[in-house]
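**Q** here you go, sequence then predicted model.
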Amino acid sequence: MFDALRHSLIAIAIVTLLEFLVIARILLRPHRDPASRIAWIAVVGAIPLIGMVAYLLLGEANIGGTRVKRLDGVLKRIAQIPGAAAAEAGSGLASVHPHWRHLFELGHSISGFGPVEGNRPQLMADSTATIDAMVVDIDAARDHVHLLFYIWLPDNNGRKVVEALKRAAARGVRCRAMVDDLGSRSMVRSEHWPAMRATGVQVATGLPIGHLLLRPFHGRIDLRNHRKIVVVDDRITYCGSQNCADPEFLVKAKFAPWVDAVVRFEGPIARQNQILFASDWMTYVDTDQDELLALLARPLPEPMPGGVTAQVVGTGPTVRFSAMPEMFETLLFAARRDVVITTPYFVPNDALLSALCTTAYRGIDTTLVLPARNDSWIVGAASRSYYAELLAAGVKILEYEGGLLHTKSVTLDGEISLIGSANMDRRSFDLNYENNILFHDKALTATMRERQQQYIARSHPVTREMVAAWPLSRRLWNNLIATLGPVL
């Protein structure tokens, strides 16, 4: 009996010691807001063993020390290249109206890219038109094609790109294709992945999952590369929300179609996306690094006459903490007349929620368009927990009925737009690698606003009366899910 009691006391002492060590780590971890610290301490205190394991698996945005060192080394090598330095310095700040310059200065502070002039843009008509345009560009490529997708499915559109890459590689074009190991696992495991490799397409996976039991020792398992980058011959690039897949998105067909927006750019902005791609590729692939560095050393692509001023904003867990919410908040505070936002996943932090409300309170026409049916029930519930506060401030909320609105866009005052892969949720803020392009152009922003108006036309407005009529059980559920946000 006494032996059992002694063993129990020893076990309790060990668990308590481990509990204190984990809590100390939670308190000492940099860049964690107080609500998140409190939430994790509560979880560890309430369910010690499960809570400690959960924190070690999901509590820290860590891609692993080895990868961080490799990425730092890659970025230092790239920074020494004149061609990369010229792309990062930019040439377009003087062309930006003084009222908007601070937006591009903030973007420069995040990922080191300055605004560049002379880019010819085209907003793609729809998802299939985007893939078809990519295939045309790949078929016309003479030197290289670089692709990076979070999700690449072996469906109709996915296979179109596979075949285009194989054709390009067969005629001597250097093709590199990289995907996120989790998001594109169906493509990586399909017959198309080795078939591309066999024809000369270089393929690679970013943030590989590896062995599930050993993976936590090499960094958090759910940190993902959410970027969508296409670069052709160093002068054409695409940026937007679309993965390489059919709009029917068969892995989640009941929410289809996926409704995306992508802009094709031709001009020097392609080099900035090229640098993002190269940094991701060189972090995971040891071969042909000198070839990529030589490519970045080439003179910048020539500016297109009358082109727009644009800037790549790349974020991720190894970039400055809170960079993406800072970008969104600064855009909101810069608005003087109106701002329209579309995003599929809306789980703001306190600062972004306050910025949205403040924007509406100061008389700015503020519109937020979200999907009526979300493929993530967690995000859908959490998003609606913020409706009452936003509506009380005067924010217009609309829910899109034509499928899953997947477009991530911000337009303001008919002059400035942001388009890319980043959502307004904590995953995009803290856990995902994202790429976006900020541009200053009235014509292109007007085109973007027309697309947003098409979304609005297929949406129903959410009113304060509708939210007030929700049953108590629904409000409790939404708020409970939102409370878990700081733990994620």
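**A** Thanks, I have the structure now.

**Q** neighbours of V162, how many?
**A** Residues contacting V162 under the criterion other C-beta atoms under 10 Å number 23. (Each C-beta comes from the backbone N, C-alpha and C, glycine too.)

**Q** help me confirm that it comes into contact with A198.
**A** No: at 11.9 Å, V162 does not count as touching A198 under the criterion of C-beta atoms under 8 Å.

**Q** what about the residue nearest to F439 when sequence neighbours are not counted, which SS state?
**A** The spatial neighbour of F439 that comes closest, neighbours along the chain excluded (C-beta to C-beta, 6 or more residues apart in numbering), is A310 at 4.1 Å. State at A310, reduced to three classes by DSSP: H, G, I helix; E, B strand; the rest coil: strand.

**Q** now E326
**A** Here E326 takes the helix state, with states given by three-state DSSP.

**Q** show the model's pLDDT score for it.
**A** E326 carries a pLDDT value of 96.

**Q** point out where the stretch 51-200 of the chain drops to low pLDDT.
**A** Judged by pLDDT under 70, the stretch 51-200 of the chain has its weakly predicted residues at 57-63, 86.

**Q** typo on my end, the stretch 201-350 of the chain
**A** Looking at the stretch 201-350 of the chain by pLDDT under 70, you get 210-221.

**Q** what ranges does it have for its helices?
**A** Taking DSSP state H, counting those that start in this stretch as the test, the helices found in the stretch 201-350 of the chain are 269-284, 289-296, 323-334, 350-361.

**Q** how about these, which one is nearest W377?
**A** helix 350-361 (20.9 Å; C-beta to C-beta).

**Q** quick one: work out the angle between that closest one and helix 323-334.
**A** With axes from the mean of the first three to the mean of the last three C-alpha atoms, to 10 degrees as the criterion, the two stretches helix 350-361 and helix 323-334 enclose an angle of 10 degrees.

**Q** buried sites along helix 350-361?
**A** Residues of helix 350-361 classed as buried: L352, L353, S354, A355, L356, C357, T359, A360 (neighbour count, 16 or more other C-beta atoms under 10 Å).

**Q** with stretch 360-374 instead?
**A** Burial within stretch 360-374, assessed by neighbour count using 16+ other C-beta under 10 Å, is assigned to A360, I364, T366, T367, L368, V369, L370, P371, A372, N374.

**Q** any idea how far the closest residue to A382 other than its chain neighbours lies from L75?
**A** Nearest in space to A382, with sequence neighbours left out and distances taken as C-beta to C-beta, 6+ apart, is A482 at 4.3 Å. Using C-beta to C-beta, to the nearest Å, one obtains 36 Å as the distance from A482 to L75.

**Q** repeat for I236
**A** Noted for I236: a distance of 24 Å to L75, by C-beta to C-beta.

**Q** okay, the two: which has more neighbours?
**A** Neighbours of I236 and L75, each counted by other C-beta under 10 Å, are more numerous for I236; the result is 24 against 17.

**Q** surely that one touches F265?
**A** Yes: when contacts are counted by C-beta under 8 Å, I236 is listed as touching F265 (7.3 Å).

**Q** find residues that contact each of these two.
**A** Shared contacts of I236 and F265, defined by C-beta atoms under 8 Å, 6 or more residues apart in numbering, are absent.

**Q** helices of the stretch 51-200 of the chain, start to end?
**A** 65-79, 82-89, 101-111, 127-140, 156-170, 185-188, 192-198.

**Q** rebuild those helices as CSV, extending it with distance to R271.
**A** Below are the helices of the stretch 51-200 of the chain laid out as CSV (distance: least, C-beta to C-beta, whole Å):
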stretch, distance to R271
helix 65-79, 11
helix 82-89, 4
helix 101-111, 13
helix 127-140, 16
helix 156-170, 20
helix 185-188, 27
helix 192-198, 25
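
**Q** out of those, which is closest to F328?
**A** Checked against C-beta to C-beta, the stretch from those lying closest is helix 101-111, at 10.7 Å.

**Q** which neighbouring elements make contact with the closest one?
**A** Applying 3 or more C-beta pairs under 8 Å, 6 or more residues apart in numbering; DSSP states H and E, one finds that helix 101-111 makes contact with strand 308-315, helix 323-334, strand 432-440.

**Q** hey, C-alpha coordinates of that helix in CSV?
**A** Written as CSV, here are the backbone C-alpha positions of helix 101-111 (Å, rounded to 0.1, in the frame of the first residue of the first chain):
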residue,chain,number,x,y,z
ARG,A,101,3.1,55.6,-49.8
HIS,A,102,3.0,54.4,-46.2
LEU,A,103,1.2,51.2,-47.3
PHE,A,104,4.1,50.3,-49.6
GLU,A,105,6.6,51.3,-47.0
LEU,A,106,4.9,48.9,-44.6
GLY,A,107,5.0,46.2,-47.3
HIS,A,108,8.7,46.8,-47.8
SER,A,109,9.3,46.4,-44.0
ILE,A,110,7.6,43.0,-44.1
SER,A,111,9.3,41.1,-46.9
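
**Q** quick one, that helix and helix 269-284 angle?
**A** Using the same axes, to 10 degrees, the direction of helix 101-111 lies 20 degrees away from that of helix 269-284.
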